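**Q** Quick one, structure for this:
(chains A, B and C)
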Amino acid sequence: MRDSYDAALHLLDRQVLDCDERLVCKVDDVELTVAADGSLVPTGLLAGLPALLPRFGPRLGAVMARTHASVHDVVAGGDAPDVVEMDLVDEIASAVHLTVPGAGLLRPREEVDAAAPERVRLGQLLGMPVTAPPEVGLHRSSRLLDVRITRVADGRGSVVDALVVGPGRPGALLGYDRRSESGPWLLADAVRWLHRHARVVEVGPEVEVDRDRGEVRVGPGASVSPLLG
Amino acid sequence: MKRYFAVLLGVLTAIGGFVDIGDLVTNAQVGARFGLSLAWVVVVGVIGICVFAEMSGRIAAVSGRATFDLVRERLGPRMGFLNLVGSMLVTLLTFIAEIGGIALALQLVSSVNHVLLVPFVAALVWIVLWRAKFSAIENVLGLLGLTLIGFAVALWQLGPDWGELAAGLSPAEKPGAESWAAYAYFAVALFGAAMTPYEVFFFSSGGVEERWTPKDLGVMRANVLIGFPLGGLLSISIAACATVVLMPEGIAVETLGQVGLPVAVALGKVGLAVVVLGFFAATFGAACETGLSTGYSLAQYFGFQWGKYVRTREAAGFHVILLVVTVLAAGVLLTGVDPIMVTEMSVIFSAVALPLTYFPILVVANDPDYLGEHRNGRFANLLGMVYLVIIVVAALAAVPLIIATSMGQG
Amino acid sequence: MMSAWRTTAVVVCFLAWVLAVASGCSLVGQPDVAAWDQKARQAVTDAASEVATARLAVETARDDRTWSSYTTVVVAQAEEAMGTVQDDVSRLQVPPGRAQDADDLEALLDAASSAVQDARQHAVAGEHDDRDLLDRLDRVGERLTRAETRW
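**A** Coordinates of the predicted model:
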């Protein structure tokens, strides 16, 4: 697996294949678990309509998810998405490859333990407004566009170590804002120009993802670098 | 030797598979009304489909990802879903038109009303989709579709004044009685017929079905770059036959029977029979392709197992979709709607839906994550960008032209 | 909120588009002279196309270049389309000063329709070698061609 990837660009919405190249599901959302030290650790790929529908936007998605849940509430836990454990992921390339066969793999997570760690979905974090003092140099209507996940040597496996923030403009999923080499040049330049205010903010003590208030706060001492280059 | 055979077979099926009910009807209509003054649109459309089919085939061969995977990855779930709905509607419309076209072709042989033939035809299509092997569908129907070469033979047999015919190629040769709005409408319709989105859904998903690898890139390119242009020549010969025989008589093409008349004039019964077999094979092949394409795009958006390369049970959801769309298409045709009218609608709305499909393909064809060293070169990108502009213009112009000309009548 | 405003704008644009498409398809013509002339011209052109189709089908059948069900289907479809043309014309509101023209048009379309009908009857009966029928179709075709320049 590559050492570092951007979750929304490289992981979300990709096809999941099992060890026999059979199609399992899409990465409809990514489950992030809050570790003891407060860092966000990707622990699972979420699949199914309960994971997909909330991503249709704050209002439309909520309506669709509610409708889906009310249709399915006869089934216990019908509104919980299926989870594929992150440990089972072999490689993240143009598709997500698993190390195991896909048959019977898709099941909702059973949280028996009342003291289960706090889990969030990537889809809930994306789009959060970012507030920062002016000296940090972020565009004033910045939002969380993506999270950068990097492999670490400790037991967590990999961890969210940087946030991609910027004014949410069309074309963030095209990838031109992250790479300089490819294009049709006109298209690539247009997308890069639209995303010229996008920045990478490294996760640290100065950066706080406030899930209750639904915003990201960046302090004056945060390490900020341009997205490209 | 086997490799040359594979290339030849691929090219031949690409020629036979290029023409569908939309091409048959639209080319004959245009030939009878505008002569060859719109033939350049077929050329533009064929180059376009070559450019994008090659890109989507290359992505499928190198990364194993088919077109609708890309649509969702690059546009996100929301835009991707809108795209899915739009593409599904257009593909379904085309599917209905193809099944109607099979019934119309059988009607010409049996003189049984086409509405009565629809349930039988739909059942036949579904059984083929369910039981037949993918390669059998593609090869048998593609090769049978080659019989449409009868149109080229007919044109040669009609012995038109070739100089006059060539002079008619210029857009300035638009017949005076026709308005420029109608000319533009049919230009967009011909473009839509040549570049129908289902062709790349099917082409790229077919690449995955047949387990293409980067080694197959050469064969794939040969199929596209030789097969599609020759298929385009077939389209133009259909238009030219209509120009030579139907236009002087003032015949406007509204039925499949009229499309075949020039061949009857030129070649008689046997030639006509061969061409009607071609109608059947081309529409049947395209019905299979569009039917599969609806299943492919839905499954690729939601991520469940699709394809005929796995056992039916493994791709149960996919096969249920095929059954549902076939029943739906038969239901629509049983209302007695004219399949030719459905065809006219399907080609013009194809033009509207073009950017939805082709834009994500162009983007991903540049992505080293997917394609590595096989990503687009400068030339492919230049053509891709030029065509993106043409496609957007055609898509934006389509709806105003539908209104301004009442679907090409004015 | 910004996005609410944007959503509203998109929805309004979409509705306007739908309305425009719908009105474009269902526009009912005013009973003015120019519109009637245009419709009359269109009807004559369409009728001429159907007569020519029937003629070509009968001619190729006479030369034994098609089989009987093919001829029957082509001529029957021409007859059906002819009926649609007549229906459309009969539903037009005749503007003042065009009463005579309307009568002429109706008579012309009747003649064309009955010629095509005759062709269909011959086709069903398998009688393709009928000089009279071809002559009749020719004559009606010529009358239609002349009428095309009248309106």
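**Q** I'd like the distance between the residue nearest to residue C:143 when sequence neighbours are not counted and chain B.
**A** Leaving aside its chain neighbours, residue C:143 sits nearest to residue C:108 (6.2 Å; criterion: Cβ to Cβ, 6 or more residues apart in numbering or on different chains). (Each C-beta comes from the backbone N, C-alpha and C, glycine too.) Look at residue C:108 and chain B: by Cβ to the nearest Cβ, to the nearest Å, they are 15 Å apart.
**Q** Residue C:108 reaches residue C:141, doesn't it?
**A** No: between residue C:108 and residue C:141 there is no contact under Cβ atoms under 8 Å: 11.3 Å.
**Q** quick one, what contacts the residue nearest to residue C:143?
**A** C:44, C:47, C:143, C:144, C:147 (Cβ atoms under 8 Å, 6 or more residues apart in numbering or on different chains).
**Q** So it, which state does it fall into?
**A** Of the three states, residue C:108 takes helix under DSSP: H, G, I helix; E, B strand; the rest coil.
**Q** circling back: by pLDDT, rank the contacts of residue C:108 and give me the bottom one.
**A** Minimum pLDDT for those is recorded at residue C:147 (89).
**Q** Stretch B:393-404: which residues count as buried?
**A** Residues B:394, B:395, B:397, B:398, B:399, B:401, B:402, B:403, B:404 are the ones in stretch B:393-404 that count as buried (16 or more other Cβ atoms under 10 Å in any protein chain shown).
**Q** I'd like to know how many residues surround residue C:94.
**A** By the measure other Cβ atoms under 10 Å in any protein chain shown, the count of residues near residue C:94 is 18.
**Q** which non-adjacent residue is nearest it?
**A** The shortest distance from residue C:94 to any residue other than its chain neighbours is 4.4 Å, reached at residue C:102 (Cβ to Cβ, 6+ apart).
**Q** where does residue B:309 land in three-state SS?
**A** Assignment for residue B:309 (three-state DSSP): coil.
**Q** tell me the contacts of residue B:312?
**A** B:130, B:319 are the contacts of residue B:312 under Cβ under 8 Å, 6+ apart.
**Q** And residue B:117, by the same measure?
**A** Residue B:117 neighbours (Cβ under 8 Å, 6+ apart): B:102, B:103, B:106, B:107, B:110.
**Q** mind showing which ranges of chain C have poor pLDDT?
**A** Within chain C, the segments meeting pLDDT under 70 span C:1-6, C:20-31.
**Q** Quick check: longest helix in it by residues?
**A** Using DSSP state H, we find that the single longest helix of chain C is helix C:33-62.
**Q** from the middle of its chain, how far away would that one be?
**A** Relative to its parent chain, helix C:33-62 has a centroid offset of 6 Å by Cα atoms, centre = their mean, to the nearest Å.
**Q** same question, stretch A:45-65
**A** That offset, for stretch A:45-65, works out to 14 Å (Cα atoms, centre = their mean).
**Q** does any part of it sit near chain B?
**A** Yes: if you take Cβ under 8 Å from any Cβ of the partner chain as the test, stretch A:45-65 does meet chain B, through A:47, A:52, A:55, A:56, A:57, A:60.
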